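*Asks:* Sequence plus predicted model, see below.
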Amino acid sequence: MSGNKVNKENGEINKEKVVTKYDLKMERRKAEKEQEERSRRTAIAVTAVILIAIVAWIASYPVLNYVHKNEVIVKVNGEDITREEFDYNYNNEVNDFLGTYGAYASYFGLDLSSDLGTQAYSDTLTWKDHFEEEAVESLKIHKGVKADANAAGFTYDTSEDVKEFKDSLKEVAEEAGVPVGDYLKQRYGEYASMSDIAKYVAEDAFISAYMAEKKKGDFKPSDEEIQAYYEENADSYDSVDYYIETFYAQIPEDATEEQTEAAMNEAAAKADEALDTVSETGELRTNEKGTYMISVCEEWLFDESRREGNQVVLRDDSNNAYHALSFVKRYLDDETTANIYAVISEDHNGQKILDEWNAGDKTVERFIELCNKYSVSGAAKDGYYENVSSDGVGGELASWIFDAERQVGDVEYISTEDEEIDYVVYYAGEGELYWKANIIDILSSQKQSEYESQFADSVSVEDEKGNLNYLKAEAEAAAESIEDTTGDTTEESASAEAESSETT
């Protein structure tokens with residue numbers, strides 16, 4: 001009965017087929033096929049889930065981007081500062097620093113190719129922390145001034161400023177060979193968009209215009225303040241005329257101390273001998289300021305007791321020389337400055353601009369239009385430059401502006417081949433005396449600093465989410481200072497009690 005099996009419970013006979021190697025092979029193939037099918041179904045299901053997630057992520061990207069760019073990083077003066085606005089101010093601080101010190105960044109221990117958040121600025125702050133602090137300090141002044149301007153009812157049309165910004169940005173992006181949107185993100189942060197950045201630019205322009213108005217009014221010093229400042233700093237503004245003849249010591253290389261002193265003595269003897277004739281044979285120097293002369297001469301020439309005809313021989317160890325001097329006079333120079341409008345162009349089109357000017361109405365308003373139309377980015381607003389000095393402009397420009405025959409309304413095209421810049425200049429008249437204009441700038445800047453400092457001290461900063469590490473560092477330092485002070489006081493108290501106990 002081999003091959004048959006009896007099922008005793010139901011009386012049936014089951015006949016089992018003998019399992020061959022072929023059967024086993026087919027079973028394995030069947031199992032493999034079923035496994036492949038299960039894997040295929042699983043892969044389809046997983047792929048479907050992934051595709052759904054990708055579609056959901058793509059669909060949510062604008063939402064995520066919106067959330068991130070509008071995340072509140074800090075509150076300044078009660079105003080929410082979003083990530084985008086904070087990045088705008090942060091990057092302005094970074095770029096201002098690099099514009100001033102970029103070539104010397106390595107001397108500050110700053111590696112521009114690495115993450116600023118990993119580079120130490122101080123014992124407690126990274127460079128990223130430092131620039132975040134600078135950004136917040138700037139925002140404090142910014143928001144404080146804006147609130148003050150609004151309270152004063154100040155108004156200003158920022159449309160031209162925004163247009164100039166956009167045009168300049170597009171020009172720079174084109175020169176760099178990158179899309180404007182990409183350049184915008186490189187310059188102001190990954191969430192920057194033209195529409196939003198334009199809002200911050202407009203706000204900056206509004207504040208700058210308000211500060212310009214205050215400079216003409218509240219910040220402008222009185223004549224009494226100007227005179228008082230001059231009298232306190234007369235040595236910095238007065239000029240002197242004097243005769244001088246200098247005798248240098250002929251000191252050989254590797255000279256001994258005795259040889260050096262002998263050479264100096266020989267120079268001194270020559271200076272003593274020349275003193276009697278220095279007013280005839282010496283060099284007459286006129287209108288010299290103390291900041292531009294040899295220090296030993298400055299001290300003697302600007303002494304309040306100095307009188308015409310006074311003479312002296314001065315030893316100058318820093319130059320290994322002796323100077324024979326004869327004093328002529330001390331005075332406050334009456335050099336004037338000038339006010340001008342100027343079109344500054346880099347396109348070598350100065351003659352074209354002048355021709356366009358000559359072809360139309362010759363009014364200041366029309367010249368301002370030419371300034372706004374042709375001047376390079378960064379030129380003065382409306383092309384106006386106040387209280388320019390001959391030293392400040394120099395060369396052909398100075399020669400034309402300060403010509404004795406110059407009349408208000410004169411216009412000229414001046415090319416400077418060495419600078420590759422064309423100037424078309426409108427003469428608007430004399431400015432302040434040079435020394436007075438200098439003091440006005442100093443005192444105006446002081447008043448502006450005092451005005452801004454009130455906001456730096458009073459405007460609130462709230463970092464509810466702890467986004468800014470520098471604030472944490474400040475808080476920890478303050479806590480440690482209090483703890484140290486408390487500890488010192490406790491120790492002093494304990495010491496005093498111990499001394500009292502010993503005395504008792």
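*Replies:* Good, I have the coordinates.
*Asks:* Surely residue 132 and residue 473 touch.
*Replies:* No. Applying CB atoms under 8 Å, one finds residue 132 not in contact with residue 473, separated by 11.0 Å. Any C-beta I mention is one placed from the backbone N, CA and C, and that applies to glycine too.
*Asks:* who has more neighbours, those two?
*Replies:* For residue 132 versus residue 473, neighbours defined as other CB atoms under 10 Å are more numerous around residue 132 (25 against 17).
*Asks:* For the more buried one, list the residues it contacts.
*Replies:* Contact analysis of residue 132 by CB atoms under 8 Å, 6 or more residues apart in numbering lists 90, 468, 469, 470.
*Asks:* so the third one makes contact with residue 127?
*Replies:* No. Counting by CB under 8 Å, residue 127 is not a contact partner of residue 469; they are 11.6 Å apart.
*Asks:* higher neighbour count, the two?
*Replies:* residue 127 (24 against 17).
*Asks:* buried set for whatever helix or strand residue 366 lives in?
*Replies:* Here residue 366 sits within helix 364-374, counting by DSSP states H and E. Neighbour-count burial for helix 364-374, with 16 or more other CB atoms under 10 Å as criterion, is recorded at 367, 368, 369, 370, 371, 374.
*Asks:* Now residue 327: closest residue in space, sequence neighbours ignored.
*Replies:* Residue nearest to residue 327 in three dimensions, not counting chain neighbours: residue 310, with 4.4 Å by CB to CB, 6 or more residues apart in numbering.
*Asks:* What of residue 411?
*Replies:* residue 426 (5.1 Å).
*Asks:* returning to what we had before: tell me the one among the buried residues of helix 364-374 nearest to residue 399.
*Replies:* For the buried residues of helix 364-374, the closest approach to residue 399 (CB to CB) belongs to residue 367, at 20.8 Å.
*Asks:* Now do the one helix or strand residue 163 maps to: which elements does it pack against?
*Replies:* For residue 163, the host element (DSSP H and E) is helix 159-176. Packing partners of helix 159-176 (3 or more CB pairs under 8 Å, 6 or more residues apart in numbering; DSSP states H and E): helix 180-188, helix 194-216.
*Asks:* Nearest to residue 222, out of these?
*Replies:* Of all the helices and strands packed on helix 159-176, it is helix 194-216 that lies closest to residue 222, at 13.7 Å by CB to CB.
*Asks:* Can you get me a residue count around residue 458?
*Replies:* For residue 458, using other CB under 10 Å, the count is 10.
*Asks:* er, residue 349 I mean
*Replies:* Neighbour tally, residue 349, other CB under 10 Å: 16.
*Asks:* And residue 198, by the same measure?
*Replies:* 17.
*Asks:* State the distance from it to residue 187.
*Replies:* 13 Å (CB to CB, to the nearest Å).
*Asks:* can you check residue 168 too?
*Replies:* In terms of CB to CB, residue 168 sits 11 Å off from residue 187.
*Asks:* which of these two has more neighbours?
*Replies:* residue 187 (16 against 13).
*Asks:* Let me see the contact set for residue 322.
*Replies:* Contacts of residue 322 (CB under 8 Å, 6+ apart): 246, 247, 249, 264, 267, 268, 270, 271, 313, 314, 315, 316.
*Asks:* do that again at 7 Å, thanks
*Replies:* Each residue near residue 322 by CB atoms under 7 Å, 6 or more residues apart in numbering is listed here: 247, 267, 268, 271, 313, 314, 315, 316.
*Asks:* Using PyMOL, make a named selection holding only the buried ones among these.
*Replies:* Buried members of the contacts of residue 322, defined by 16+ other CB under 10 Å, are picked up in PyMOL with:
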select buried, resi 247+267+268+271+313+314+316
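*Asks:* Which residue ranges of the stretch 351-500 of the chain form strands?
*Replies:* 384-388, 411-416, 421-433, 461-462 (DSSP state E, counting those that start in this stretch).
*Asks:* got the angle for the longest one vs strand 411-416?
*Replies:* With axes from the mean of the first three to the mean of the last three CA atoms, to 10 degrees defining the directions, strand 421-433 sits at 120 degrees from strand 411-416.
*Asks:* in strand 421-433, what's buried?
*Replies:* For strand 421-433, by 16+ other CB under 10 Å, it's 421, 422, 423, 424, 425, 426, 427, 428, 431, 432, 433.
*Asks:* do the same with the first one
*Replies:* Neighbour counts over strand 384-388 (16+ other CB under 10 Å) mark 384, 385, 387, 388 as buried.
*Asks:* hang on, the earlier thing: okay if I get the strands of the stretch 351-500 of the chain as a markdown table plus mean pLDDT?
*Replies:* Listed next are these as a markdown table, based on pLDDT from 0 to 100:
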| stretch | mean pLDDT |
| --- | --- |
| strand 384-388 | 94 |
| strand 411-416 | 88 |
| strand 421-433 | 94 |
| strand 461-462 | 94 |
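*Asks:* The ones you listed: which one's closest to residue 441?
*Replies:* That would be strand 384-388 among the strands of the stretch 351-500 of the chain, by CB to CB, at 8.0 Å.
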